[in-house]
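**Student:** Any chance you can model this:
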Amino acid sequence: MTARGHVHPVILCGGSGTRLWPTSRTIRPKPFLPLVGSRTLFEAAQDRVSDRTRFAPPIVVAGTQHCDLIEAQARGDHRIVVEPQGKNTAPAIALAAALLDPYDVMLVCPSDHHIADEAAFAAAAQAAATLAREDWLVSFGIAPDRPETGYGYLHRGEELPGGYRIARFVEKPDLGTARAYLATGEYSWNGGIFAFRAGHYLAELARHRPEMARLVGEAVAQGRKDGSRFLAAHEPFSRIEGDSVDYAVMENTDHAAMVPADMGWSDIGNWAALADALAGEPGLPDENGNVARGPADLDGCSRVLAMSDGPRISVVGLEDVCIVVAGDEVLVTTREGAQRVGKLPGATSQGKAR
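**Tutor:** Reported below is the predicted structural model:
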């Protein structure tokens with residue numbers, strides 16, 4: 001395979017460390033934790049694109065505060081693009097695109113997702129790259145297995161080679177609407193994984209967010225290299241009005257496509273999602289649907305997540321709750337309430353990581 005044929009992984013890395021508090025903290029957010037299996041989520045993200053016959057060495061886009069963690073967990077050759085400030089995904093992706101050849105295909109991957117079937121991921125990446133070379137802006141459409149209200153959805157349009165045109169993007173639905181989507185078989189979850197030709201992405205960004213594109217260009221032009229790191233210039237980047245790639249580009253372009261991906265995906269967005277992901281590990285869940293890590297006694301419980309880094313957790317007669325002990329912090333929440341953990345005072349005040 002020629003160098004031009006290689007796909008360039010762009011791993012978006014960082015996070016505020018609030019949604020999986022108290023285990024995850026700002027100085028060590030969830031990408032850098034071994035939440036599923038023995039690898040950290042960031043290490044697993046690198047391993048999925050480690051085949052050098054298909055993928056170029058990755059570009060990691062991150063803030064300054066996480067560069068040392070990235071270097072400590074790097075799996076070989078890589079480049080780090082350092083954002084002066086967090087401005088959401090659209091400008092982060094644009095920084096990486098501006099450092100690539102315009103004809104290079106980018107595979108944009110969050111660093112904190114779990115993918116159980118890595119062969120299915122590789123197949124979807126190949127299909128997405130093929131469409132991206134034809135100037136489609138491609139999203140991975142995750143095969144839904146339940147009527148989830150916490151994700152955005154992609155509605156399939158006309159069939160394309162290896163994928164579909166996206167007929168429309170749908171915001172997070174209510175439960176009844178999500179059930180209707182699932183019944184049609186025409187909707188996929190928007191998993192936040194993308195493939196673009198670098199130059200085409202920048203052109204579409206300039207078309208729909210011209211000021212953002214201009215300031216990213218200035219931040220790159222005024223930036224500097226420091227070993228394996230590229231430091232974007234602070235002043236122009238700080239003036240960017242941040243936005244997600246979905247809102248800034250994908251929902252505006254007339255060349256949005258999707259490739260279907262049934263790959264055991266989870267964004268590990270809260271403790272209930274982690275419990276579901278851990279349920280695929282050997283010996284988990286138990287016969288009552290419980291998932292335990294660390295010392296735990298569960299008596300008469302069902303669908304309980306119990307995780308401790310030290311003290312024993314003892315639970316009697318509860319169901320559908322998550323209990324987490326990390327250092328001197330204890331979290332107890334229902335599965336439904338897990339989505340609100342990031343708003344708790346402990347999470348937002350960000351005590352010292354353990």
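**Student:** so which helix or strand takes in residue 252?
**Tutor:** Using DSSP states H and E, residue 252 is not contained in any helix or strand.
**Student:** repeat for residue 96
**Tutor:** helix 89-98.
**Student:** by how many degrees do the helix or strand just after that helix and helix 89-98 diverge?
**Tutor:** Downstream of helix 89-98, the next assigned helix or strand under DSSP H and E is strand 105-110. Per axes from the mean of the first three to the mean of the last three CA atoms, to 10 degrees, the angle that strand 105-110 makes with helix 89-98 is 140 degrees.
**Student:** and strand 105-110, what does it pack onto?
**Tutor:** strand 7-12, helix 89-98, helix 118-133, strand 187-197, helix 198-208 (3 or more CB pairs under 8 Å, 6 or more residues apart in numbering; DSSP states H and E). Using the backbone N, CA and C atoms, a C-beta is placed for each residue, glycine as well.
**Student:** Quick check: which helices or strands does the fourth one pack against?
**Tutor:** Counting by 3+ CB pairs under 8 Å, 6+ apart, the packing neighbours recorded for strand 187-197 are helix 89-98, strand 105-110, helix 118-133, strand 137-142, strand 153-160, strand 256-261.
**Student:** Which neighbours in the sheet does it have, and how are they oriented?
**Tutor:** Applying DSSP bridges to the sheet, strand 187-197 is found paired with strand 105-110 (antiparallel), strand 137-142 (antiparallel), strand 153-160 (antiparallel).
**Student:** any idea of the mean pLDDT for the longest one?
**Tutor:** The one in question is strand 153-160. Averaging pLDDT along strand 153-160 yields 97.
**Student:** Please put the alpha-carbon coordinates of it into CSV.
**Tutor:** Provided in CSV are the C-alpha atoms of strand 153-160 (Å, rounded to 0.1, in the frame of the first residue of the first chain):
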residue,chain,number,x,y,z
TYR,A,153,-29.5,9.3,15.7
LEU,A,154,-28.7,9.1,12.0
HIS,A,155,-31.5,8.4,9.6
ARG,A,156,-30.3,6.3,6.6
GLY,A,157,-30.9,7.7,3.1
GLU,A,158,-30.0,6.3,-0.3
GLU,A,159,-27.5,3.5,-0.5
LEU,A,160,-23.9,4.2,-1.4
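**Student:** Figure out how far the helix or strand that comes right after that strand is from the centre of its chain.
**Tutor:** Remark: after strand 153-160, the chain's next helix or strand is strand 163-170, criterion DSSP H and E. Between the centre of strand 163-170 and the centre of its host chain there is 20 Å, according to CA atoms, centre = their mean, to the nearest Å.
**Student:** Equivalent analysis for stretch 319-335, please.
**Tutor:** For stretch 319-335, the separation from the chain centroid amounts to 23 Å (computed by CA atoms, centre = their mean).
**Student:** Show me what counts as buried in that stretch.
**Tutor:** The neighbour-count check on stretch 319-335 (16 or more other CB atoms under 10 Å) flags 320, 321, 322, 323, 324, 325, 326, 331, 333, 335 as buried.
**Student:** Contacts only, for the residue nearest to residue 262 when sequence neighbours are not counted.
**Tutor:** Ranked by CB to CB, 6 or more residues apart in numbering and with sequence neighbours excluded, the top spatial neighbour of residue 262 is residue 143, at 3.8 Å. Applying CB atoms under 8 Å, 6 or more residues apart in numbering to residue 143 gives the contacts 188, 189, 260, 261, 262, 263.
**Student:** and if you look at residue 141?
**Tutor:** 154, 156, 163, 164, 188, 189, 190, 191, 258, 259, 260, 261.
**Student:** Let me have the residues you listed in JSON lines, adding distance to residue 38 and neighbour count as columns.
**Tutor:** Converted to JSON lines, the contacts of residue 141 look like this (distance: CB to CB, whole Å; neighbours: other CB atoms under 10 Å):
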{"residue": "154", "distance to residue 38": "33", "neighbour count": "27"}
{"residue": "156", "distance to residue 38": "37", "neighbour count": "20"}
{"residue": "163", "distance to residue 38": "33", "neighbour count": "23"}
{"residue": "164", "distance to residue 38": "36", "neighbour count": "21"}
{"residue": "188", "distance to residue 38": "30", "neighbour count": "26"}
{"residue": "189", "distance to residue 38": "27", "neighbour count": "22"}
{"residue": "190", "distance to residue 38": "29", "neighbour count": "23"}
{"residue": "191", "distance to residue 38": "24", "neighbour count": "25"}
{"residue": "258", "distance to residue 38": "32", "neighbour count": "30"}
{"residue": "259", "distance to residue 38": "29", "neighbour count": "26"}
{"residue": "260", "distance to residue 38": "30", "neighbour count": "18"}
{"residue": "261", "distance to residue 38": "24", "neighbour count": "26"}
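**Student:** I'd like those laid out as TSV, including distance to residue 63.
**Tutor:** Shown next, in TSV, are those (distance: CB to CB, whole Å):
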residue	distance to residue 63
154	29
156	35
163	33
164	35
188	30
189	27
190	24
191	23
258	29
259	30
260	33
261	28
